[in-house]
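no sequence on this one, just coordinates:
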């Protein structure tokens, strides 16, 4: 199917930040835009904001002056819903309330012709449910933009049970014609991004609740070692603790209380206290103008060992060997189970078991290190020591990693540490999305990279780690905690057993 022709008007209902952004995108793509809001005066104010945004884009060379002026001239503020009648596509961006959205679409059916397409910008509400009461439910789809709409590339195109395939394809093609990257998915709670992203917040909240590390340290490790653009607590403060919690509650309820989505009691307490993040001045961080930003914990400099023994294959951590040698550490190699010996101390990549359990099994002091996005270049790493390991044992491991050029954050003995458990849980959720035919593996990875700026798609990342290791991390977490929260997806198990790619 072809996209909507630029001559066809696009209506946007809702002139807030998201609605104005969508209107700007459509107008820049050449469409006449009809902009309406129930609050009188909101559409003209939105057009003023759009004018400023277009002026900035022109100043940066992203638009010519003629393109800027043309886009602004194509936006027409409207004062009533009947003015939407000429539209071939209407996109609602109103309050996230199902009843309000249904009333809007039922009213729009009175004024718009039967072939007009209805699209909802909802981030989590069921497209099937929104369409159920319409005379023509086949014409309603989800068209979920990400904020800010002019800058963010991703659009989730969501098909409900009744959505006509040709309507879904027209919306997909139109989003692509507008310069966006559309991914098509089935209407399930959270769609792709909001569902797959839950562990990014949930595992950090759990680590904080267990006292594994403080907020600033967790964020620093997730950024510098994991490669995420923002740490989980920075991002929650930006989104709003109440908004983030509402999504978690919604998905948790929609999946009948599945423990994978259990909201954090710690987050609920902060919301009850009115600590909502940047918008309230305080959340996980203090956002007052004179507030000092807390520093992450980084271990004091320690003397590196002169020599180490690498036993077996370190797998994705193998680039550390060259970094150790470059630092002047003598590295000897021999057969073994994939770990580093520093005298009597064992240093190994986490596999989801705690360091204390490792130490019990090996009958030797153990220090575990966390996953890094790239062990060849990472400048930060988290480690955890077994209860059986001494401060001296820890200092040897810290000194070795520091010699390789990494800042070292020592956290409590948290199974799976920080980055590894989070990435494995993200990959597991992504696998379940593919397994239940919500979206393809390519769509999921693309959505997470573009929608929330992950450094890698979670499924591609799992394959880089090794699907067997990801499965084992989840199994060890499930056994350690005794919770169904960490159950591995059957699709992940199948791919690990068959040694096949999700993308094959």
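Sure, I can see it. Just so we're clear, the structure is a prediction, and the values are computed from it rather than from any experiment. Residues are numbered from 1 along each chain as shown.

how about the helices of the stretch 101-250 of the chain, start to end?
Residue ranges of the helices in the stretch 101-250 of the chain, as given by DSSP state H, counting those that start in this stretch, are 127-131, 165-177, 193-196, 198-209, 215-224, 232-239, 241-254.

which helices and strands does the second one pack with?
The contact analysis (3 or more C-beta pairs under 8 Å, 6 or more residues apart in numbering; DSSP states H and E) places helix 165-177 against strand 117-120, strand 140-145, strand 154-159, strand 181-186. C-beta coordinates here come from the backbone N, C-alpha and C atoms, glycine included.

can you tell which of those is closest to residue 72?
Nearest to residue 72 among the helices and strands packed on helix 165-177 is strand 140-145 (19.7 Å), distances taken as C-beta to C-beta.

ok so, going back, JSON lines please, covering the helices of the stretch 101-250 of the chain and showing mean neighbour count and distance to residue 82.
What follows is the helices of the stretch 101-250 of the chain, written out as JSON lines (neighbours: other C-beta atoms under 10 Å; distance: least, C-beta to C-beta, whole Å):
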{"stretch": "helix 127-131", "mean neighbour count": "22", "distance to residue 82": "21"}
{"stretch": "helix 165-177", "mean neighbour count": "19", "distance to residue 82": "23"}
{"stretch": "helix 193-196", "mean neighbour count": "24", "distance to residue 82": "34"}
{"stretch": "helix 198-209", "mean neighbour count": "22", "distance to residue 82": "41"}
{"stretch": "helix 215-224", "mean neighbour count": "24", "distance to residue 82": "50"}
{"stretch": "helix 232-239", "mean neighbour count": "23", "distance to residue 82": "36"}
{"stretch": "helix 241-254", "mean neighbour count": "19", "distance to residue 82": "33"}
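
Can you tell me which of those is nearest to residue 19?
Per C-beta to C-beta, nearest to residue 19 of the helices of the stretch 101-250 of the chain: helix 165-177, 16.2 Å.

Report the distance from the closest one to the chain centre.
24 Å (C-alpha atoms, centre = their mean, to the nearest Å).

Kindly report the same for stretch 415-432.
12 Å.

So what does the residue lying farthest from the centre of the chain have for phi and psi?
Most distant from the centre of the chain: residue 306, at 41.2 Å, with distances by C-alpha atoms, centre = their mean. The phi/psi pair for residue 306 (degrees, to the nearest 10) reads phi -80, psi -30.

hang on, isn't it packed against residue 330?
Yes: assessed by C-beta atoms under 8 Å, residue 306 is found in contact with residue 330 at 6.2 Å.

Next, the buried residues of whatever helix or strand residue 67 lives in.
Assessed by DSSP states H and E, residue 67 sits inside helix 65-73. The neighbour-count check on helix 65-73 (16 or more other C-beta atoms under 10 Å) flags 68, 71-72 as buried.

Next, format the residues you listed as JSON lines and append pLDDT and distance to residue 202.
Below are the buried residues of helix 65-73 laid out as JSON lines (pLDDT from 0 to 100; distance: C-beta to C-beta, whole Å):
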{"residue": "68", "pLDDT": "93", "distance to residue 202": "43"}
{"residue": "71", "pLDDT": "95", "distance to residue 202": "40"}
{"residue": "72", "pLDDT": "95", "distance to residue 202": "43"}
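
what about the helices in the stretch 351-500 of the chain?
355-362, 391-403, 419-435, 441-451, 458-465, 467-481, 490-498.

closest one to residue 252 among those helices?
Judging the helices of the stretch 351-500 of the chain by C-beta to C-beta, what sits closest to residue 252 is helix 419-435, at 13.2 Å.

thinking again about what came up before, next SSE after the helix holding residue 67?
Assigned by DSSP H and E, the successor of helix 65-73 is strand 75-78.

Name the residues that touch the next helix or strand along the chain from that following strand?
Later in the chain than strand 75-78, the nearest helix or strand by DSSP H and E is strand 89-92. Residues outside strand 89-92 that contact it (C-beta atoms under 8 Å, 6 or more residues apart in numbering): 4, 8, 10-14, 19, 22, 26, 84, 101, 104-105, 108, 112, 116-121, 143, 171, 174.

what's the model's confidence in strand 89-92, averaged?
Computed over strand 89-92, the mean pLDDT rounds to 98.

ok, now stretch 440-455?
96.

which parts of it are buried?
440-441, 443-452, 454.

can you list the residues you listed in CSV and add distance to residue 94?
Shown next, in CSV, are these (distance: C-beta to C-beta, whole Å):
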residue, distance to residue 94
440, 30
441, 33
443, 27
444, 28
445, 31
446, 28
447, 24
448, 27
449, 29
450, 25
451, 21
452, 23
454, 29
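
biggest separation within those, which pair?
Across these, no pair lies farther apart than 440 and 452, at 18.1 Å, counting by C-beta to C-beta.

if I look at the residue nearest to residue 501 when sequence neighbours are not counted, how far off is residue 495?
The shortest distance from residue 501 to any non-neighbouring residue, by C-beta to C-beta, 6 or more residues apart in numbering, is to residue 463 (5.9 Å). Distance from residue 463 to residue 495, counting by C-beta to C-beta, to the nearest Å: 8 Å.

do the same with residue 319
25 Å.

tell me the contacts of residue 284?
215, 233-234, 236-237, 241, 270, 275, 277.

Can I get those residues in a markdown table including distance to residue 198 and pLDDT?
Shown next, in a markdown table, are the contacts of residue 284 (distance: C-beta to C-beta, whole Å; pLDDT from 0 to 100):
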| residue | distance to residue 198 | pLDDT |
| --- | --- | --- |
| 215 | 19 | 98 |
| 233 | 15 | 98 |
| 234 | 17 | 97 |
| 236 | 12 | 97 |
| 237 | 17 | 96 |
| 241 | 15 | 95 |
| 270 | 18 | 97 |
| 275 | 21 | 97 |
| 277 | 18 | 96 |
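
List just the nearest of these to residue 340.
Out of the contacts of residue 284, the member with the shortest distance to residue 340 (by C-beta to C-beta) is residue 215, at 30.2 Å.

how deep is residue 290 tucked in, by neighbour count?
Applying other C-beta atoms under 10 Å, we find 5 residues neighbouring residue 290.

whoops, I mixed them up, residue 500
12.

Over to it: give its phi and psi.
phi -120, psi 150.

And it, how close does it get to residue 445?
16 Å.

Out of the helices of the stretch 101-250 of the chain, which gets nearest to residue 324?
Across these, closest to residue 324 is helix 215-224 (C-beta to C-beta), at 19.5 Å.

what angle sits between that closest one and helix 419-435?
60 degrees (axes from the mean of the first three to the mean of the last three C-alpha atoms, to 10 degrees).

How far off centre is helix 215-224?
16 Å.

on that earlier part again, turn the helices and strands packed on helix 165-177 into a markdown table, columns for mean pLDDT and mean neighbour count.
Output for the helices and strands packed on helix 165-177, formatted as a markdown table (pLDDT from 0 to 100; neighbours: other C-beta atoms under 10 Å):
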| stretch | mean pLDDT | mean neighbour count |
| --- | --- | --- |
| strand 117-120 | 98 | 28 |
| strand 140-145 | 98 | 27 |
| strand 154-159 | 98 | 26 |
| strand 181-186 | 97 | 21 |
